[in-house]
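>>> Here's my sequence, what's the structure:
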Amino acid sequence: MKVLHAFNQPRSGGGSLASTLATIDISRKNGIEVDVFTRDSSDLPSGLRGKVQASISAFYAPGSLKAFARQLDKFKPDIVHANELFPLLSPEIFRLCKKSGIPVVVTCDDYHLTCPVRTHYRQGEICTDCMKKSEFQAVAKNCRGDIPESVINAMYNAWVRKRGYFQECVDQFITCSEFSREWLVEHVGLDRESVTAIPHAIQIPPERADPRKGEYVSFGGRFVPEKGIDVLLAAGERSALPISLSRNEKHFVTIDLPQNANVVVTKGREDLAEFYRGARFLVMPSTWFETYGVVGAESMSHGIPVIASRLGALENLIEDGVDGLLFEPGNVDDLAEKMESLWGDPERLVTMGEAARQKAIDKWSPEVNFRQTLEVYRRLA
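As a prediction, this is how the structure comes out:
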């Protein structure tokens, strides 16, 4: 079988890109012939020139389309598997696939089909105004914090919807959680059979860590408002427990942190693994609808339990009281109470950590991810 992966690489990396690269890697190891068509946002010039170039490419990029058509002719894939295209790959590539009779699979890691800024989050609150009215609510409320960018994002979503690229040209959608699957069915109107939930592949470390030896409460991920870091820091003050925050060196920081915040900047998987394994447990205090929770799944693969908001796909990730704990989103008291309780219970830390690691092995390993993805490919090819 031959599969062509098409995706745009964001400047800051992230879980979506890591998942795509993991799928490509495991596919090659299992005998799938894989080719890649990609563009990198890091290649865009800075400032206004870069924004103009990105906005043009998002709608129609003749050079990229010609190059993609040539790759289709040369590689002759059985399947085209696309991930995030915005801004340097136009969804017009789906029309090219349809004309060539090549089935298209699209992985939806965020809310790009229902929200111009992809998060359904604005000014500290969950927002679904664009679904109720129109995409141009993102302009009226300046959801990007930059009017030109808000305009481009709104126009792009409206254009994609009216052109029917996804509904008419995509044969199968893949989401990373049941929550996201139901979201597409309910809010985009997709047929349930056309959406498959396949969790991201997580590399399973060879040995389980001992959470009893953990010296801090960890947080990992992007330093952005919707991740709820302020809630965690407030709970840390209330419980008097040590908090350590980690982010990748490529990630942008869009929030203000206290000067005394303990921040670890990681450069790769080894740094991040060491950070996970040094924690007693990890907290995901998100205040938006997470679509999966890669950081939580990775922590669990090491045998480190997770405390997470009872919100979005995090309820799919954690079985409350078994492999972690859930708390009321934004509730500092509830989070602090659960942190104190778990910190001081070594036996429960070990039991939950063992259950968390076993779940990762059973449901999120690269081998499991590949089998589920291959089933989708075979149905279409």
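
>>> How about the contacts made by F223?
229, 245, 247, 251-255, 257 (CB atoms under 8 Å, 6 or more residues apart in numbering). Just so you know, the C-beta spots here come from the backbone N, C-alpha and C atoms, and that holds for glycine as well.

>>> Out of those, flag the one nearest to V34.
H251 (27.3 Å; CB to CB).

>>> what helix or strand does that closest one sit in?
Using DSSP states H and E, H251 falls within no helix or strand.

>>> how close does S42 sit to C97?
In this view, S42 and C97 are 26 Å apart by CB to CB, to the nearest Å.

>>> What of F281?
44 Å.

>>> Same question for S246.
From S246 over to C97 (counting by CB to CB), the distance is 39 Å.

>>> Over to K250?
K250 is 31 Å from C97, by CB to CB.

>>> If you average pLDDT per helix and strand, which one of this protein comes out bottom?
Here the helix or strand of the chain ranked lowest by mean pLDDT, DSSP states H and E is helix 47-59, holding a mean of 71.

>>> any idea of the mean pLDDT for stretch 269-284?
Mean per-residue pLDDT for stretch 269-284: 96.

>>> hang on, the earlier thing: could you check which of S42 and C97 has the larger neighbour count?
Neighbour totals were compared for S42 and C97, and C97 leads with 23 against 11 (other CB atoms under 10 Å).

>>> Touching, that one and E168? I think so.
No. Counting by CB atoms under 8 Å, C97 stays clear of E168, with 11.5 Å between them.

>>> Can you show me the strands along the stretch 151-300 of the chain?
Applying DSSP state E, counting those that start in this stretch to the stretch 151-300 of the chain gives strands spanning 172-175, 195-197, 216-220, 243-248, 262-266, 279-284.

>>> And these: which comes nearest P205?
Closest of these to P205 is strand 279-284, at 13.9 Å (criterion: CB to CB).

>>> what lines up beside the closest one in the sheet?
When pairing is defined by DSSP bridges, strand 279-284 lines up against strand 216-220 (parallel), strand 306-309 (parallel).

>>> how about these, which one is nearest R181?
Set against R181 and scored by CB to CB, the strands paired with strand 279-284 come closest in strand 306-309, at 19.1 Å.

>>> Other residues contacting the closest one?
By CB under 8 Å, 6+ apart, the list of residues contacting strand 306-309 reads 228, 281-287, 290, 293, 296, 299-300, 314, 317-318, 323-330, 335, 338-339, 342, 356.

>>> Which of those residues are buried, as a PyMOL select command?
Restricted to buried positions by 16 or more other CB atoms under 10 Å, the PyMOL selection for the contacts of strand 306-309 reads:
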select buried, resi 228+281+282+283+284+285+286+287+290+293+296+299+300+314+317+318+323+324+325+326+327+329+330+335+338+339+342+356
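
>>> Y156 against I56, yeah?
No. If you go by CB under 8 Å, Y156 and I56 don't touch, sitting 11.2 Å apart.

>>> out of the two, which sits in the more crowded spot?
When neighbours are counted by other CB under 10 Å, Y156 and I56 differ, and Y156 comes out ahead with 20 against 15.

>>> which residue sits closest to that one in space, ignoring its chain neighbours?
Residue nearest to Y156 in three dimensions, not counting chain neighbours: A58, with 5.3 Å by CB to CB, 6 or more residues apart in numbering.

>>> Partner strands of the helix or strand containing A6, with direction?
Element membership of A6, judged by DSSP H and E, is strand 2-9. In the sheet, strand 2-9 lines up against strand 33-40 (parallel), strand 79-82 (parallel) (DSSP bridges).

>>> Pull out the buried positions in the first one.
When you say that, I think you mean strand 33-40. Neighbour count says strand 33-40 has 34-35, 37, 39 buried, by 16+ other CB under 10 Å.

>>> Give me the contacts around it.
With CB under 8 Å, 6+ apart, strand 33-40 has contacts from 1-9, 24, 27-28, 57, 64, 67-68, 71, 75, 77, 88-89.

>>> Same check on the last one?
Outside strand 79-82, the residues that touch it by CB under 8 Å, 6+ apart are 1-7, 23, 72, 93-94, 97, 102-107, 377, 380-381.

>>> circling back: so after the least confident helix or strand of the chain, what's the next helix or strand?
Following helix 47-59 toward the C-terminus (DSSP H and E): helix 62-75.
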